[in-house]
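Q: The following comprises the amino acid sequence and a computationally predicted model.
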Amino acid sequence: VAPTVQLRGGAHLPLLGLGTWPLDDDQAAETVSLAIGTGYRLIDTAENYRNEKGVGEGIRRSGIDREELFITTKFNSEHHSVDGVRRAFETSSRLLGLDYIDLLLVHWPNPEQGHHVEAVQGIAALMEQGLVRAIGTSNYKPSHLQQVIDAGIVPDVNQIQLDPQRPRIEERAFHNEHGIVTQSWSPLGQGSGLLDEPGVVAIAKAHGRTTAQVVLRWHVQQGMVAIPKSSHPERLAQNLDIFDFELSGAELAQLYMLESGEAEIVDSDQFGH
Ligand code: A2P
């Protein structure tokens, strides 16, 4: 089981969890129950992944107490109003089979629609009713977060694409300044060859670990919450097994040298993630 970070509302967010994109319902049910059996307590899904029903099935199959888990979902941009968020919550909670959600996130700000603050206000209203336990945004830039903060709400979490090649240093500094936890999606740099980088391979060898473990350790050791996805039992286990070794300052610095330029910033939920 991963260590946790405590959020403002008192909820304990595990530093390492399971991402579920792009699993379908059947794969999600199988992977989620397997992951929970392996020790995962944080599960991340989204309306847009179309697998919330499977995630819920996996939770029930695992037999674990609901209170032991930290379940995260996100809603699409068509729900960016206080009433819309309420309806989105009702649909997600019905599909998941849960009466509350630990962390609900706005999936994409879609700032051109101009409702990215209202969307967060919708989550805050659900939190007041005890239906969600923490307020999240995803893919919000500092300028979007500042607008939310100016409206009187500080999100607990902002989830962004982040890995050693896209370290998002300015965004993280903004989050830290405001006490917002940074969550990393695609923490392994999916498809970019990060796990085969010679620099990462060398550090992995030095610790007797896999490159995925080194990269995930890079996230959690710096206070980021990572949510890698894997459907392979042995990878699920190794991705969680990163809390008994430490990267040196020099190794962290070496990993920062992999930075390959800014991540492509996309504002639309037409993309899978
Ligand atoms: P698979 O599901 O076949 O294990 P990200 O979360 O950064 O998007 O990365 C997910 C990708 O990384 C998936 O393709 C997943 O493949 C792969 N992956 C997850 N864990 C590991 C690991 N420990 N070693 C190698 N590849 C991994």
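A: Alright, I've got the coordinates.
Q: Count the neighbours of the closest residue to Val200 other than its chain neighbours for me.
A: The shortest distance from Val200 to any non-neighbouring residue, by C-beta to C-beta, 6 or more residues apart in numbering, is to Thr211 (4.6 Å). C-beta: built from backbone N, CA, C; applies to glycine. By the criterion of other C-beta atoms under 10 Å, Thr211 has 19 neighbours.
Q: There's contact between Thr211 and Val201 in this structure, I believe.
A: Yes: counting by C-beta atoms under 8 Å, Thr211 does reach Val201; the two are 5.9 Å apart.
Q: so who does the residue in the stretch 1-150 of the chain positioned nearest to the ligand touch?
A: The nearest approach of the stretch 1-150 of the chain to the ligand comes at Gly19, 5.0 Å away (C-beta to the nearest ligand atom). When contacts are counted by C-beta atoms under 8 Å, 6 or more residues apart in numbering, Gly19 touches 44, 185-186, 227-229.
Q: Out of these, which sit inside strands?
A: Judged by DSSP state E, the contacts of Gly19 include 44, 185 as members of strands.
Q: Ramachandran angles for Arg50?
A: Main-chain dihedrals, Arg50, degrees, to the nearest 10: phi 60, psi 40.
Q: Can you give me the buried ones in the one helix or strand Val200 maps to?
A: Using DSSP states H and E, Val200 maps to helix 198-207. Across helix 198-207, burial judged by 16 or more other C-beta atoms under 10 Å covers 199-200, 203-204.
Q: could you pull out the strands for the stretch 151-273 of the chain?
A: For the stretch 151-273 of the chain, the strands defined by DSSP state E, counting those that start in this stretch occupy 157-161, 181-185, 225-226.
Q: nearest to Leu195, of these?
A: Taking C-beta to C-beta, strand 225-226 is the member of the strands of the stretch 151-273 of the chain nearest to Leu195, at 13.7 Å.
Q: Now do that closest one: everything it contacts.
A: For strand 225-226, contacts defined as C-beta under 8 Å, 6+ apart pick out 5, 13-17, 42, 157, 181-184, 187, 216, 219-220.
Q: how about a cut-off of 10 Å?
A: 2, 4-5, 13-17, 19, 42, 44, 70, 72, 157, 159, 162-163, 181-188, 215-220, 239, 242 (C-beta atoms under 10 Å, 6 or more residues apart in numbering).
Q: Make CSV from the buried residues of helix 198-207 and add pLDDT and distance to Arg86 to it.
A: Shown next, in CSV, are those (pLDDT from 0 to 100; distance: C-beta to C-beta, whole Å):
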residue, pLDDT, distance to Arg86
Gly199, 97, 47
Val200, 98, 44
Ile203, 98, 47
Ala204, 98, 46
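Q: hmm, back to that, any common contacting residues for Thr211 and Val201?
A: Shared contacts of Thr211 and Val201 (C-beta under 10 Å, 6+ apart): Leu195.
Q: thinking again about what came up before, quick one, which of the strands of the stretch 151-273 of the chain gets closest to the ligand.
A: For those, distance to the ligand was read as C-beta to the nearest ligand atom. The smallest value, 7.1 Å, belongs to strand 181-185.
Q: ok, that closest one: who's next to it in the sheet?
A: strand 157-161 (parallel), strand 225-226 (parallel) (DSSP bridges).
Q: Just name the most buried of those strands.
A: strand 225-226 (a mean of 26; mean count of other C-beta atoms under 10 Å).
Q: Can I get the strands of the stretch 151-273 of the chain in CSV including mean pLDDT and distance to Leu252?
A: Shown next, in CSV, are the strands of the stretch 151-273 of the chain (pLDDT from 0 to 100; distance: least, C-beta to C-beta, whole Å):
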stretch, mean pLDDT, distance to Leu252
strand 157-161, 98, 19
strand 181-185, 98, 15
strand 225-226, 98, 15
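Q: now those in TSV, with distance to the ligand?
A: Below are the strands of the stretch 151-273 of the chain laid out as TSV (distance: least, C-beta to the nearest ligand atom, whole Å):
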stretch	distance to the ligand
strand 157-161	9
strand 181-185	7
strand 225-226	8
